[in-house]
Structures are given as C-alpha cells and as structure tokens.
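J.: give me the fold of what follows.
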Amino acid sequence: MRIAIIHYWLVNMRGGEKVLQALCELFPGADIFTHVHDPLITEECFPGHKILTTFIQKLPYARKNYQNYLLLMPMALKRLDLSGYDLVISSESGPAKGVVTAPGALHICYCHTPMRYAWDMYDEYRSNAPWLKRVLMPPVMHYMRKWDVASAAGVDQFVANSHFVAGRIRKYYGRSAQVIYPPVAVDDFIANERPEDFYLMVGQLTRYKRVDLAVEAFNQSGRRLVIIGEGEQLQLLRQRVRENVQIMGRQPFPVIRDHYSRCRALIFPGVEDFGIVPVEAMASGRPVIAFGYGGATETIKENVTGLFFSEQTADSLNNAVTDFESRSNFDPLKIAEHAGQFEQNVFKERFKYLVEKLITRRDKDA
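T.: Numbers count the residues shown, from 1 in each chain. Coordinates of the predicted model:
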C-alpha cells in the first residue's frame, strides 16, 4: 500500500508529534503531508520520510505565525493530491482531516482533540485574544465549525486518544471512535524509591494548563514547587512566584527525567485530552495529584498511582496535597508498572490491528 499521513503542522515536538513518530515507525514508507514544517525538526525526528507541504508553507512568516492562516487551511488541504494513496491517516487537533482521498482509499483519523479554539475552549481563547482577533473570531470560527463537521464525513474511522476525546467526537461530529491511547516512552524513565521534598510541574506554560493555580496554591502553603516549561505565561508567572516556587523554564530531557525521579509528586491541575506528562511521572515511580476531570481520570488510578482534587481552586489543591502527605501507601514499583500499559509498542500493536481489521472489512465489502 501507498500510505499518506496528514499532520496539521510540524514546528515543534509535543504529544501529537510523538504519535506521528510512532505512526512513522509503524509505516516506514509513508509520506508526510503538513501545512508548515521546520526542516530542523523534520530532518532529525522523521528521517527517511518524504515531507510535503500545503501552500501555507510559502506564505510570509508561516513557520512562526501559521495559526494566522487558519482560515486558508481547509482550502489548502483540498488541494493536496492524494489520488495515489491507498491508506490515509490524518493526525488531527488542527486542520488535517479535511483532505480529499481516492474513492477506494481508507481514511483513518487519529484525533488528539477536536479543535479546542473552535469548540469547547472558544470563549477562553477569544477572551484572551488581542482585540483584532476578538473581532474576527466569531465569523472565522463559525466557518471553521461548519467545515470541521462537514470534513468529518470523509473519515472512514475515527480513533480517539482517550474516552474523554471520544465523547467530544460523538458530541461535535456525531461519530463513534475507537480509543487507542497515545504512545509514551515509559522505558526512558527510571523509578526512584527515595524522593526529595519538592513537588513538580512539567509542560507548556499556557492558560489551560492552570499553572497559575499551582503557583497560587504553593504560594499559600509554602511548600516547594519546581516548574519546568516555557510558554506565553512564563514572565507573568515569574512575577507572581514566591521563594518556595522555582520556574526553571525550558529544560533538556535529562533534566526533566531527573526531576521526575526525584520529586515527591507531580502536580497536574489542568484539563487534558489525555495527558502524557502524568504517565511519564508514573513511569518514574512518582504519584500524581491531578484535577479529577479529563484524560487524567483514565491514566491515574486513584489511591494507587495518585489522588484527584475536585475543584480548580487553590484550597482544593492544597487539601489534596495535605491528604497525600498523610499517606504512605504509594508504591513506586506499582506506580511504574501501571504506566507500562501506555508503552509505545502497545500503541503500535493496537493501531496495526485496527488498520488490518478495517482493510479486511473493506476488501470483503468491495
């Protein structure tokens, strides 16, 4: 088979790109289509794969300001020539699934999330946007929602990265989805039975991650918190923290892995579609204290690998940390063993099985 993988954009390496890497390992002959790519990233992370872009790549400052061209992306996808491909896999959280495939081709969409800024987080994105974007967002997002729903009809099978996302696919697109959890490199982490006296946050410093909530809670409690990551809120948060809270900014993987293994627990106050960071912490044998909603409820086993707090408030988080410190029943080896179910080969085996099943069904129906 000739295989095409459509990914929204390739300008950094985050959770969606980790899934793309696993798909490329599963299908080493696949071609990658994307709106915009950074050659430094694609050459290092996707060697041997042909990278083809839409016309967005040629627009001014597209590599940095690609999201400003969101309105053009549906048109750009339709102009891609996929007539020679038997299997098309779209990797979706930005515009990717709206391609035109050959009549006999199989189109599988691995959905990390329906576009947040068009659906469930629209009001939050708009309220925090510059004034011009606030004015433009209602008509633009009205168009994007209509296109998003219409383009779902061209997908033969949706695959969601969690039951939480599968519910949103059902709500917005009216489609069912097979759940296959994304791959996590759990073997890259080492379980440590002797943690140190600090808590940890890892990830992008964006609003929906609720790093501000963790800062407020730990400012109040005086407990030590280390934050690793960069993003739009970096400077604002640095102005708010007290001496017990350290913001390290972006760090290389060895530093992150070391902090995972040494922290007392990971703090996870946001709502994620899946959440790779809690799984990485658990692979390091460390428990997770998380807000009890979203993908975290599918990866964390309460009272075994972590605890949940029920409200996104500083008091609720601090109460959960106090409860955690009163316990001694979190076994690092059991926590690390639990994380093993999200290992990369598990993802590959399940996705390969699904593809084979769908091809067999298609051939029988032909």
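
J.: only C-alpha atoms from now on, for both contacts and neighbour counts.
T.: Will do.

J.: got the contact list for the closest residue to residue 56 other than its chain neighbours?
T.: Closest residue to residue 56 apart from its sequence neighbours, by Cα to Cα, 6 or more residues apart in numbering: residue 35 at 5.6 Å. Listed by Cα atoms under 8 Å, 6 or more residues apart in numbering, the contact set of residue 35 reads 7-10, 53-57, 73, 76.

J.: which of those residues lies closest to residue 362?
T.: Distance to residue 362 across the contacts of residue 35 (Cα to Cα) is lowest for residue 7, with 24.2 Å.

J.: isn't that closest one right next to residue 90, touching?
T.: Yes - counting by Cα atoms under 8 Å, residue 7 does reach residue 90; the two are 6.1 Å apart.

J.: give me the common contacts of these two.
T.: Taking Cα under 8 Å, 6+ apart as the contact rule, residue 7 and residue 90 both touch residue 96.

J.: still on that earlier bit, closest to residue 108 among the contacts of residue 35?
T.: Nearest to residue 108 among the contacts of residue 35, with distances taken as Cα to Cα, is residue 7, at 12.4 Å.

J.: ok, now how distant is the closest one from residue 341?
T.: Here residue 7 is placed at a distance of 25 Å from residue 341 (Cα to Cα, to the nearest Å).

J.: cool, and residue 4?
T.: For residue 4 relative to residue 341 (Cα to Cα), the value is 28 Å.

J.: ok, these two, which is more surrounded?
T.: residue 4 (22 against 17; other Cα atoms under 10 Å).

J.: quick check, that one in a helix?
T.: No - read with DSSP: H, G, I helix; E, B strand; the rest coil, residue 4 is strand and lies in no helix.

J.: residues in contact with it?
T.: Contact analysis of residue 4 by Cα under 8 Å, 6+ apart lists 30-33, 82, 85, 87-89.

J.: repeat that for residue 201.
T.: 211, 225-228, 266-268.

J.: out of those residues, which end up buried?
T.: When the contacts of residue 201 are checked for burial by 16 or more other Cα atoms under 10 Å, the buried set is 211, 225-228, 266-268.

J.: out of these, who's nearest residue 64?
T.: The closest of these to residue 64 turns out to be residue 228 (Cα to Cα; 22.7 Å).

J.: roughly how far apart are the closest one and residue 121?
T.: For residue 228 relative to residue 121 (Cα to Cα), the value is 24 Å.

J.: and what of residue 206?
T.: Residue 206 sits at a distance of 13 Å from residue 121 (criterion: Cα to Cα).

J.: do residue 12 as well
T.: Plainly put, residue 12 is 22 Å away from residue 121 if you go by Cα to Cα.

J.: and for stretch 297-311, what's in contact with it?
T.: So stretch 297-311 is in contact with 162-163, 274, 278-279, 282, 286-292, 316-317, 319-320, 324, 329-331, 334-335, 338-339, going by Cα under 8 Å, 6+ apart.

J.: any idea how far that stretch is from the middle of the chain?
T.: 19 Å (Cα atoms, centre = their mean, to the nearest Å).

J.: now do the same end-to-end measure for it.
T.: End-to-end distance of stretch 297-311 (Cα to Cα): 14 Å.

J.: buried set for the least confident helix or strand in the chain by mean pLDDT?
T.: The least trusted helix or strand in the chain, going by mean pLDDT, DSSP states H and E, turns out to be helix 122-127, with a mean of 85. When burial is assessed from 16+ other Cα under 10 Å, helix 122-127 yields the following buried residues: 123, 125-126.

J.: quick check: of the residues you listed, which lies closest to residue 215?
T.: Nearest to residue 215 out of the buried residues of helix 122-127 is residue 125 (Cα to Cα; 21.5 Å).

J.: that closest one and residue 133, how far apart?
T.: Taking Cα to Cα, one finds residue 125 at 10 Å from residue 133.

J.: where along the stretch 1-150 of the chain do the helices fall?
T.: Under the criterion DSSP state H, counting those that start in this stretch, the stretch 1-150 of the chain contains helices at 15-26, 39-45, 62-65, 73-78, 122-127, 131-152.

J.: pLDDT score for residue 366?
T.: Residue 366 is assigned 68 on the pLDDT scale.

J.: so what's residue 266 bridging to?
T.: residue 200, residue 288 (DSSP bridges).

J.: check contacts around it.
T.: Each residue near residue 266 by Cα under 8 Å, 6+ apart is listed here: 199-201, 260, 278, 281, 286-289.
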